[in-house]
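Asker: Sharing a model prediction with you, sequence too.
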Amino acid sequence: MVPYNPDIYVFQSGKRTGQTPVVLMFQDYGILRWMLSRVRKEEAGSFKNDLHLHLEWLINAGEEVEPTQNCPICKERKVRSFAVRWGHAGDFSIDRDYTFCEKEECKQEIQAFSYDQGLTFLPFKFSSLLQFRKGGDRKRIVNLLKWAFGIEGRITRERAFHFFLNNLTVQE
Ligand SMILES: [Zn+2]
């Protein structure tokens, strides 16, 4: 089997004509997951079309991306996760100071800062966006992800593509 060689995929039809999955990772992650499950159902056999291959590559890349920011607690390792601190009205706060690396001590420090608040810990992966139903909430999470991954400014299709591509190739 020929290994998949990713390139920028552009939708050629439908209401997303002209848009790219690499940019939609930041704008509408849920729709990409839905599209992937749909093409998987439609193509039950071994054949995978371009969109199927592209989405599998991209969704996987979104789980493998490596944060570049240092843990604000130990300042030694890279951040891995962030805390979502819940308010009583179902609102939540997130903050760069409430992120941490894989060390248990750093996580415990966050817990100690937050005493009585409800906490959820989520990894710096794109799938964490699925935990938030409102578009405005997801936007806040995307901004935190962008910070953790060292992405500044506007997401163009070229920047987004190289971001996902490089993260995966570095790991090989
Ligand atoms: Zn740490």
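Answerer: That came through, no problem.

Asker: Show me what from the chain comes close to the ion.
Answerer: Cys71, Ile73, Cys74, Cys101, Lys103, Cys106 (CB under 5 Å from the ion). From N, CA and C alone the C-beta is placed, and that goes for glycine too.

Asker: Near Val23, how many residues? Count them for me, please.
Answerer: 18 (other CB atoms under 10 Å).

Asker: Give me the pLDDT for the nearest residue to Arg159 once chain neighbours are set aside.
Answerer: Take Arg159 and drop its neighbours on the chain: the residue closest to it by CB to CB, 6 or more residues apart in numbering is Ile151, 7.5 Å away. Predicted confidence (pLDDT) for Ile151: 94.

Asker: Ile151 touches Asn166, doesn't it?
Answerer: No. Checked against CB atoms under 8 Å, the pair Ile151 and Asn166 is beyond contact range at 11.7 Å.

Asker: and the residue positioned nearest the centre of the chain, what is it in contact with?
Answerer: In the chain, the centroid-proximal residue (CA atoms, centre = their mean) is Phe126; its distance is 1.7 Å. By CB atoms under 8 Å, 6 or more residues apart in numbering, the contact list for Phe126 reads Met25, Tyr29, Ile59, Gly62, Glu63, Val65, Leu145.

Asker: So it versus Arg16, what's the distance?
Answerer: Phe126 is 18 Å from Arg16, where distance means CB to CB, to the nearest Å.

Asker: Just give the number of residues close to Phe164.
Answerer: Around Phe164 there are 23 residues (other CB under 10 Å).

Asker: Contacts for the helix or strand hosting it, please.
Answerer: Using DSSP states H and E, Phe164 sits within helix 157-171. Applying CB under 8 Å, 6+ apart, the contact partners of helix 157-171 are 6, 8, 10, 20, 22-23, 25-26, 57-58, 60-62, 64-66, 149, 151.

Asker: Please, a PyMOL command that selects the buried ones among these?
Answerer: Buried subset of these, written as a PyMOL selection, criterion 16 or more other CB atoms under 10 Å:
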select buried, resi 6+20+22+23+25+26+57+58+61+62+65+149+151
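
Asker: Can you list which of the contacts of helix 157-171 are found in helices?
Answerer: Taking DSSP state H, the ones among the contacts of helix 157-171 that sit in helices are Val22, Val23, Met25, Phe26, Trp57, Leu58, Asn60, Ala61, Gly62, Glu64.

Asker: Quick one, grab the pLDDT at the first one.
Answerer: In this model, Val22 is scored at 98, pLDDT.
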